[in-house]
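>>> Structure for the following, please:
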Amino acid sequence: MSRTPTLAQLATDLARGRTSARNLVEECLARIADTSGEGARAFTLVMHEQALTAADGIDKLRAAGAAPSRYAGIPISIKDLFDIAGQTTRGGSKVLSNAAPAEVDAPTVARLRRAGFIVIGRTNMTEFAFSGVGLNPHYGTPKCAWDRETGRIPGGSTSGGAISVVDGMAHMALGTDTGGSCRIPAAFNGIVGYKPTASRVPTKGALPLSFSLDSVGPLARSVACCATLDAILAGEPERDLVPASLEGLRIAAPLSYVLAGIEDAVADDLDRALSALSSAGARVDRIAVPEFDDIPRINAKAGFAAPEALAWHMDLITERGPDYDPRVLVRINRGKEQSAIDYIRLLEDRARLMAAVEKRLSGYDVMAMPTVPILAPPIAALDKDDDFGRINLMALRNPTVINMLDGCAISVPMHTPGNGPTGLMLAAARGRDHALFSIAAAVEALLDGRHA
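Numbers count the residues shown, from 1 in each chain. Have a look, this model is predicted:
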């Protein structure tokens, strides 16, 4: 289940002169331009000349011993939700096509550039990040990396970002995660996606979906890659990632809510992963978390995303409503179902949920559950609105739990080679990001080791 090259491997190759920033950029651009691939659907804008110019500059700096970081020169893709100076941020939509260009980079983009990463282009996404399946009627839908002949959904909303990484069109992707938008496409495409504790990484300069739930995270080929990017995005110094000991690790594997409707292939992968962890010395407890069963009631009137999105989009909908993806528009308009009282009660219910779950899981180091309980279905299976709604809810259900808890979570591949990709989601309480990365690194090594 190799997902090389990792950022560390690329950094070593750059340092030893085995490759150059220009070589890396040219390779990525060639894959984007390959008409047999998904580049035309994965990207809404390719920064061809800018990337090559930046690569040449980085190569000169490295030759002079002045590269801004050991990762300088590595291409990254940016979700079409982030401001890039001089460009219009469209959010995967036609509605903002005539909006004024951004005057400055989003803070996260600026931090990546300061480290020397090269922006290769803007990636496609669900319009305004409002679904977990990854369809886009405006710019096309990139196909999942698995079973391209059938044409399966890529997962959303960071659909193009995931495809850019798995197809080698970029070596990592900057995404957002409001209800799984980094983790879902990572799971469907066999890579790693991370959702940090929301307050650690600035959301300024990114079009909002839900200011209560939005977070900014990376998609990449390994846990270590995501840890490196997370530190840069959070403005923290890079730290050595030391895998945790699995011996005695306390793992809570929730039952009922997060397993409802699980497909056999996902259930089999989950059982194998949890059994491997038990055999490695971890204490895996399959426990009931009844608080999760209350989440549908808490979100019955469209939760946080719809009213908060409606507040941002209301004027645009008045002006350009027919230009929205109808499936996105109907979800935004559900915000009208909430009164001020409903919203206040939603805030109170969320606070109670967080407190109760924190108490119930206080004796555990990490939660483990399937990132998504289904395999990526064919794009054609979403033609009917009812099927779209059902599949979208299944994709979002488990990841959204962690956003509701304001926790941190990571999806790591748990499938066997040749089978449809599935993800194991590891989650921890808010603020425990560093501990979670250490645990995830150990779990990743164990699961990879099964297939070595």
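>>> Just the strands from the stretch 201-350 of the chain, written as ranges.
For the stretch 201-350 of the chain, strands defined by DSSP state E, counting those that start in this stretch occupy the ranges 216-220, 250-254, 283-287.
>>> Tabulate those strands (JSON lines), appending mean pLDDT.
Output for the strands of the stretch 201-350 of the chain, formatted as JSON lines (pLDDT from 0 to 100):
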{"stretch": "strand 216-220", "mean pLDDT": "98"}
{"stretch": "strand 250-254", "mean pLDDT": "98"}
{"stretch": "strand 283-287", "mean pLDDT": "98"}
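>>> pull the CA atoms of stretch 63-77 into CSV?
Once non-C-alpha atoms are left out, stretch 63-77 reads as follows in CSV (Å, rounded to 0.1, in the frame of the first residue of the first chain):
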residue,chain,number,x,y,z
ALA,A,63,22.2,26.1,-4.8
ALA,A,64,23.2,29.2,-2.7
GLY,A,65,22.3,27.4,0.6
ALA,A,66,19.4,29.7,1.2
ALA,A,67,16.3,27.5,0.6
PRO,A,68,13.6,28.6,3.1
SER,A,69,13.0,25.0,4.3
ARG,A,70,14.0,21.5,3.3
TYR,A,71,10.6,21.2,1.6
ALA,A,72,11.1,24.2,-0.6
GLY,A,73,10.3,23.4,-4.2
ILE,A,74,7.7,20.7,-3.6
PRO,A,75,4.4,21.3,-5.5
ILE,A,76,1.1,21.6,-3.5
SER,A,77,-2.4,22.1,-4.7
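>>> chain center to it, what's the gap?
On the basis of C-alpha atoms, centre = their mean, to the nearest Å, stretch 63-77 is displaced by 24 Å from the centre of the chain it belongs to.
>>> ok, and for it, which residues are buried?
Within stretch 63-77, the residues scored as buried using 16 or more other C-beta atoms under 10 Å are 67, 70-77. C-beta here means a position set from N, CA and C on the backbone, and glycine is covered the same way.
>>> Stretch 100-118 now?
For stretch 100-118, by 16+ other C-beta under 10 Å, it's 102, 105-113, 115-118.
>>> Show me those residues that map onto helices.
The members of these that map onto helices under DSSP state H are 107-113.
>>> Of all residues in the chain, which one is nearest the centre?
Cys182 (0.8 Å; C-alpha atoms, centre = their mean).
>>> Quick check: it touching Ile191?
No. Using C-beta atoms under 8 Å, Cys182 is not in contact with Ile191; the gap is 10.1 Å.
>>> quick one: common contacting residues for these two?
Listed as contacting both Cys182 and Ile191 by C-beta atoms under 8 Å, 6 or more residues apart in numbering are Leu219.
>>> For the spatially closest residue to Val133 that is not a sequence neighbour, which residues are in contact?
Closest residue to Val133 in three dimensions, ignoring its sequence neighbours and counting by C-beta to C-beta, 6 or more residues apart in numbering: Ile153, at 4.8 Å. Going by C-beta under 8 Å, 6+ apart, Ile153 touches 133-135, 141, 144, 188, 376-379, 382, 391.
>>> In JSON lines, list those residues along with neighbour count and distance to Met172.
Below are those laid out as JSON lines (neighbours: other C-beta atoms under 10 Å; distance: C-beta to C-beta, whole Å):
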{"residue": "Val133", "neighbour count": "28", "distance to Met172": "22"}
{"residue": "Gly134", "neighbour count": "33", "distance to Met172": "18"}
{"residue": "Leu135", "neighbour count": "21", "distance to Met172": "24"}
{"residue": "Thr141", "neighbour count": "23", "distance to Met172": "22"}
{"residue": "Cys144", "neighbour count": "30", "distance to Met172": "19"}
{"residue": "Phe188", "neighbour count": "35", "distance to Met172": "17"}
{"residue": "Ala376", "neighbour count": "29", "distance to Met172": "21"}
{"residue": "Pro377", "neighbour count": "19", "distance to Met172": "26"}
{"residue": "Pro378", "neighbour count": "14", "distance to Met172": "28"}
{"residue": "Ile379", "neighbour count": "19", "distance to Met172": "25"}
{"residue": "Leu382", "neighbour count": "22", "distance to Met172": "28"}
{"residue": "Ile391", "neighbour count": "19", "distance to Met172": "27"}
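>>> Among those, which lie within helices?
Applying DSSP H to these, the entries found in helices are 188, 391.
>>> for the stretch 251-400 of the chain, what are the low-confidence residue spans?
The stretch 251-400 of the chain contains no residues with pLDDT under 70.
>>> what are the ranges of the helices in it?
With DSSP state H, counting those that start in this stretch, the ranges of helices along the stretch 251-400 of the chain come out as 264-279, 295-298, 305-320, 326-333, 340-360, 385-405.
>>> Tell me which of these sits nearest to Val223.
Closest to Val223 of these, according to C-beta to C-beta: helix 264-279, at 14.5 Å.
>>> and that closest one, what other elements does it pack with?
Contacts defined by 3 or more C-beta pairs under 8 Å, 6 or more residues apart in numbering; DSSP states H and E place helix 264-279 against strand 250-254, strand 283-287, strand 366-370, strand 423-428, helix 433-449.
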